[in-house]
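[1] sequence first, predicted coordinates after that:
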Amino acid sequence: MRDLALALALTLTLIGGLFARPALAFEIEEVATFGAGAQVVSVLSTTDAAVFAPVIAGYLETRPDLTVRYTVANSQQVYAAIAGDGAAFDLVISSAMDLQMKLANDGAARAFDGGGVLPDWARWRDRLFAVAQEPVVMIARRADFAGLPLPQSRADLVALLRDNAERFAGRIGTYDPAGSGAGYLFATQDARQSDSAWRLSEVAGSLHPQLYTASAAMIDDVQSGRLALAYNVLGSYAAARPDPGMVVIQPADFTHVLLRTALVPVTSTDPAAGAGFLSFLLSPQGQALLADAGLPPVSDTTITAAPQLRPIRLDPGLLVYVDPMMRQKFLTEWTAAVVQP
Amino acid sequence: MRRPASIRRRLLLQGIGVAALLALVLYLAVRGVAGAAIQTVQDSVLGTATVVIAEELRGGADGISVDIPYAAFSMLGAVGEDRVFYRILVGDQTVTGYPDLPLPDVVPGLTPAFYTVPYQDAQVRVGAVGRSVLVDGNRVDVTVLLGQTRTAQAVISAQMANRAAGLGLGIFALAAVLALISARSVLAPVHDLALAVGRRGPQDLRPVRRAVPRELVPLVAALNGLIARLRSALDRTESFITEAAHHVRTPLATVRMQTEVALRQATDDATRASLRNVIRAVDNAARSTGQMLDHASVIYRSDQPTQDALDLAVVLRDLVGQMAPTADMRDMAFVLDLPVGPVPLSADRLLLESALRNLLDNALKYGTADTDIEVALTSDGCVTVCDRGRGLGGGGAAALTGRFARGDNVGDVVGSGLGLSIVRDAARACGGTFTISPRPGGGTCATLHLPLR
């Protein structure tokens, strides 16, 4: 009976979603509804519903009176939904730290007082909170590095690519910053951290790299042998698909750590519901469920134990590359370096 | 009843009040200075960031390029957790940033201008820098506005205010303790003087000779003047009584002598009877005068008794010896019961003798002829004189010891009513007590308790 009700609710929601879609200016990838409670929590997220399902199921066990409506969109659309459309969601979870920061800075986030459990670097004021931390790594296909040392840093990689240009030509993959919010964030953070990133871009550019908009596709191509190396891949995706032929490398010079952040938007019609779900995500139980779902929990000890890990700082500096002029300027420079004739 | 006002409490309250005021002033001053300092520091960081952004604006053939250094925003965030807003204008066209961020009132120059405006539900401190760049050979004015909310400043200000409050409280506590100490030390001479004056016996009429602070000199001088006047008044009274008694007794003696001569020469019975009456009246007057003198000198000496080392047994035996002839004349005898050893005491001899003489005299006067007067002394300083006389009459002991009070059964006995009063006053001056009570089987027992040395 309950399953029937659930299925009915899901169907109705999907239909509702279909009808509602034209009313919303932003593009929705997926809407999933969990539970059959009277009170509805609307979540807008960049993470696939399949990944988040066990976490939501865990939450509904403690709160059977709730229904979670989980809407998935890409990070640009998530930002546009809140900043542009003022869409009414109770919680916004996104991997685009810069856009989340922009929302929080521009007053689109409500205060939430349960962030004290997080380390200082994992939150900004009482507005923006990290729910998961994911290292940004390189993935090498073991077979293609036969007879060569595995690169441990960007400098190693630059030297390796220079010396073995024919072996790696066309077989390096990375994000297309113009097409992917995460890729743009990684590329700008690389550029900010060191000049060696620009050198790497130029060397890689000379090898005609493949550009992607998702980590999963890059990993697929490493596994299939189409790519010898994928640069700036989300470590959690690689960890979810262990493969003896594949090596995950955290660059020793610096390894960015992406923080998947959440905020309760001012557009929320039921902010207490959003805050309740956020509290659950930050609780030990919620963090454990996120870990099981492949989203590593926020942990100060992990960061201090591995000196190469540098969490991307949640501060107004992130706003710099959100600026349209800066974005255009950066993409122009990046394209000039990487996309070579 | 209202409690008397306390100088110490007043000094203390005033000291604490002043301390509280100063602590408050200190708190406000530190807070004000700290607030201004924080504002200056924040402004300088904001100004630097603004200038850095302005310096990165480059002209070129195809317009202006903007390169906001990452650190420019990051450094604002590093101070606290402030929101950051910016706006870059070329001429009066906003090229990037927040187009509704308010402009300053004046056109800013290369030196940052600062102003505070409400923006996006918050008070925002904005730094503004203006400069010009060359675009395709033409001069173009650009303006950079960089604003940040004042959350960090408020947090630091609150911290400084807490510290200032702590400092103020500390100063207040210290000042309160100092006020307590100072009130005590200021009042110490007053306290000492009050103790010294209070410690004096009631008979001590010496002037106060303590060294006192200048402020207390008039008080002590006035006190000494009062004491001196009291002394001279007492002296005058004493000499007046002595003189008066002397001036009355001498003519009385003459009158008595002359009357006796006249009595011897008179033959007429009626004349002799009236002359005898005259003699009795004169005796009465002489005795009263003597007792008045005695009483006055007891009162005078009571104020300044001497401390003689005496043996009570010896004094009593001597007095009884002196009065034995008078007892004989009345057919009475003293039965003396003394302890074996001496009964030492420290008292004014004159006062003691006055008291004992009046006791014995009273017993003789009111005792019945042919009876014994029992005089007993115990080794603890208790003198008892018991007679078989007419008793106390109806008035009781308290009534009899009043000045000029006499029993209602004195009849023909000559008396002034001062005897028991003298005994009581002298006993009190010697530190003892006097009681009188009826004796079982008739008569009276008078008891004098004297403190021994």
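    Nice, thanks for sending it over. This one's a predicted model, so the numbers in the text were calculated from it and none came from an experiment.

[2] for residue 136, which non-adjacent residue is spatially closest?
    Defaulting to chain A. Counting by CB to CB, 6 or more residues apart in numbering or on different chains, A:Val136 lies nearest to A:His256, which is 4.2 Å off, once chain neighbours are set aside. To be clear about C-beta, it is placed using only N, CA and C from the backbone, and glycine gets the same treatment.

[3] wait, chain B
    The shortest distance from B:Asp136 to any non-neighbouring residue, by CB to CB, 6+ apart, is to B:Ala61 (5.4 Å).

[4] now the one you found, what's its secondary structure?
    Put simply, B:Ala61 is coil when judged by DSSP: H, G, I helix; E, B strand; the rest coil.

[5] burial of it, as a residue count?
    Neighbour count for B:Ala61, taken as other CB atoms under 10 Å in any protein chain shown: 8.

[6] A:Gly205 now?
    Neighbour count of A:Gly205, defined by other CB under 10 Å: 17.

[7] touching, it and A:Gln340? I think so.
    Yes. The pair A:Gly205 and A:Gln340 qualifies as a contact (CB atoms under 8 Å) at a distance of 4.7 Å.

[8] follow-up on the earlier one: what's the spacing between the residue nearest to B:Asp136 and chain A?
    Distance, B:Ala61 to chain A, using CB to the nearest CB, to the nearest Å: 16 Å.

[9] tell me the domain boundaries of the chain?
    Going with chain A. According to automatic domain parsing, chain A comprises the domains A:2-131+A:259-311, A:134-257+A:319-338.

[10] chain B is the one I meant
    B:7-159, B:200-304, B:306-453.

[11] and the first one, end to end?
    If I follow you right, that is domain B:7-159. 40 Å (CA to CA, to the nearest Å).

[12] and if you look at stretch B:208-218?
    In stretch B:208-218, first residue to last residue: 12 Å (CA to CA).

[13] how far off centre is it?
    17 Å (CA atoms, centre = their mean, to the nearest Å).

[14] how about that stretch, which residues are buried there?
    B:Val208, B:Val212, B:Leu216 (16 or more other CB atoms under 10 Å in any protein chain shown).

[15] again, but for stretch A:328-341
    For stretch A:328-341, by 16+ other CB under 10 Å, it's A:Lys329, A:Phe330, A:Leu331, A:Trp334, A:Ala337, A:Val338.

[16] is any part of that stretch close to chain B?
    Yes. Residues of stretch A:328-341 contacting chain B under CB under 8 Å from any CB of the partner chain: A:Lys329.

[17] what mean pLDDT does that stretch have?
    Stretch A:328-341 comes out with an average pLDDT of 88.

[18] for stretch A:109-125, same thing?
    Here the average pLDDT along stretch A:109-125 is 91.

[19] which stretches of the chain have low pLDDT?
    All of this refers to chain A. Applying pLDDT under 70 to chain A flags residues A:1-25, A:341.

[20] please go with chain B instead
    Along chain B, the parts satisfying pLDDT under 70 run over B:1-2, B:77-80, B:202-203, B:303-304, B:393-416.

[21] where along it do the strands fall?
    Here chain B has its strands, by DSSP state E, at B:84-90, B:93-97, B:113-119, B:122-135, B:138-149, B:308-311, B:333-337, B:344-347, B:372-377, B:382-387, B:433-438, B:444-449.

[22] now the host helix or strand of A:Met326, how far from the chain's geometric center?
    Secondary structure assigned from DSSP states H and E places A:Met326 in helix A:324-338. What separates the centre of helix A:324-338 from the centre of its chain is 21 Å, taken as CA atoms, centre = their mean.

[23] likewise for stretch B:232-246?
    Relative to its chain's centre, stretch B:232-246 lies at 37 Å (CA atoms, centre = their mean).

[24] next, the buried residues of that stretch.
    Within stretch B:232-246, the residues scored as buried using 16+ other CB under 10 Å are B:Glu238, B:Ile241, B:Ala245.

[25] ok, the buried residues of stretch A:328-341 vs chain B, which is closest?
    Among the buried residues of stretch A:328-341, A:Lys329 lies closest to chain B (CB to the nearest CB), at 6.6 Å.

[26] how much space between the residue nearest to B:Pro112 when sequence neighbours are not counted and B:Ile88?
    Nearest residue to B:Pro112 in three dimensions, chain neighbours excluded: B:Gly47, at 3.6 Å (CB to CB, 6+ apart). For B:Gly47, the distance to B:Ile88 (CB to CB, to the nearest Å) stands at 16 Å.

[27] equivalent analysis for A:Ala288, please.
    In terms of CB to CB, A:Ala288 sits 46 Å off from B:Ile88.

[28] more neighbours: these two, which one.
    B:Ile88 (23 against 13).

[29] was I right about the more buried one contacting B:Leu57?
    Yes. Assessed by CB under 8 Å, B:Ile88 is found in contact with B:Leu57 at 7.3 Å.

[30] about what we covered before: hmm, the residue nearest to B:Asp136 is touching B:Leu134, no?
    No. Using CB under 8 Å, B:Ala61 is not in contact with B:Leu134, being 10.0 Å away.

[31] tell me, how many residues neighbour A:Leu207?
    Residues lying near A:Leu207 (other CB under 10 Å) number 21.

[32] so how far is B:Gln14 from the residue positioned nearest the centre of chain B?
    For chain B, the residue nearest the mean C-alpha position is B:His191 (6.5 Å; CA atoms, centre = their mean). Distance of B:His191 to B:Gln14, given as CB to CB: 19 Å.

[33] do the same with B:Arg87
    From B:Arg87 to B:Gln14 the distance is 58 Å (CB to CB).

[34] who has more neighbours out of the two?
    Counted by other CB under 10 Å, B:Arg87 and B:Gln14 do not tie: B:Arg87 has more neighbours, with 21 against 12.

[35] get me the contact residues on chain A for chain B.
    A:104-107, A:124-125, A:192, A:313, A:315-321, A:323-326, A:329.

[36] just the ones of the residues you listed in helices?
    The members of the residues of chain A next to chain B that map onto helices under DSSP state H are A:Ala104, A:Asn105, A:Arg192, A:Pro324, A:Met325, A:Met326, A:Lys329.
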